[in-house]
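K.L.:
Have a look at this prediction, sequence included:
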Amino acid sequence: MENLQAILQSPTPVLVDCFATWCGPCQMVPPILKEVKDKMGDQLRIVKIDIDKNQQLAAQWQISSVPTLLLFKAGRLIWRQSGVVPAHQLIPILKQKI
């Protein structure tokens, strides 16, 4: 798999889904992200990060609750949102940001 830093530095915006396996609301996010991917296609790359397996990254990004979505563009964090965001709200936000 590609190095995460290389993915985040890419010109294609990257949406990072920070989740935990024990988190109930996190189970609602995959179908939302599938809909986002279906609607936005190659405009956006989606990466999932398990905060329990990547505690250093979670600390670096100051993830205090899950799910948290982070949007990176050319390596810079340009947007973040904690909690479940329905696809019909998330897609317009992402389109505006990228």
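P.N.:
Happy to help now that I have it. Numbers count the residues shown, from 1 in each chain.

K.L.:
neighbouring contacts of whatever helix or strand L94 lives in?
P.N.:
L94 is part of helix 87-97, with elements assigned from DSSP states H and E. For helix 87-97, contacts defined as C-beta atoms under 8 Å, 6 or more residues apart in numbering pick out 13, 15, 32, 35-36, 39-40, 43-44, 69, 71, 73, 78-79, 81, 85. All C-beta spots, glycine's among them, are computed from the backbone N, C-alpha and C.

K.L.:
and what of stretch 54-73?
P.N.:
Contacts with stretch 54-73, where a contact means C-beta under 8 Å, 6+ apart, come from 4, 8, 13-20, 23, 25-26, 29, 49, 51, 77-85, 90, 94, 97-98.

K.L.:
List the single closest residue to the spatially most central residue of the chain in space, sequence neighbours excluded.
P.N.:
For the chain, the residue nearest the mean C-alpha position is V16 (2.2 Å; C-alpha atoms, centre = their mean). The spatially closest residue to V16, leaving aside those adjacent along the chain, is L70, at 4.3 Å (C-beta to C-beta, 6 or more residues apart in numbering).

K.L.:
Show me the strands paired with whichever strand or helix holds the one you found, marking each as parallel or antiparallel.
P.N.:
Using DSSP H and E, L70 maps to strand 68-73. With DSSP bridges as the test, strand 68-73 is paired with strand 14-19 (antiparallel), strand 76-82 (antiparallel).

K.L.:
Now render the ones you listed as JSON lines, adding mean pLDDT and distance to I63.
P.N.:
Shown next, in JSON lines, are the strands paired with strand 68-73 (pLDDT from 0 to 100; distance: least, C-beta to C-beta, whole Å):
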{"stretch": "strand 14-19", "mean pLDDT": "98", "distance to I63": "5"}
{"stretch": "strand 76-82", "mean pLDDT": "97", "distance to I63": "8"}
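
K.L.:
coming back round to it: what bridges to the residue nearest to V16?
P.N.:
As for beta bridges, L70 partners with V16, R80 under DSSP bridges.
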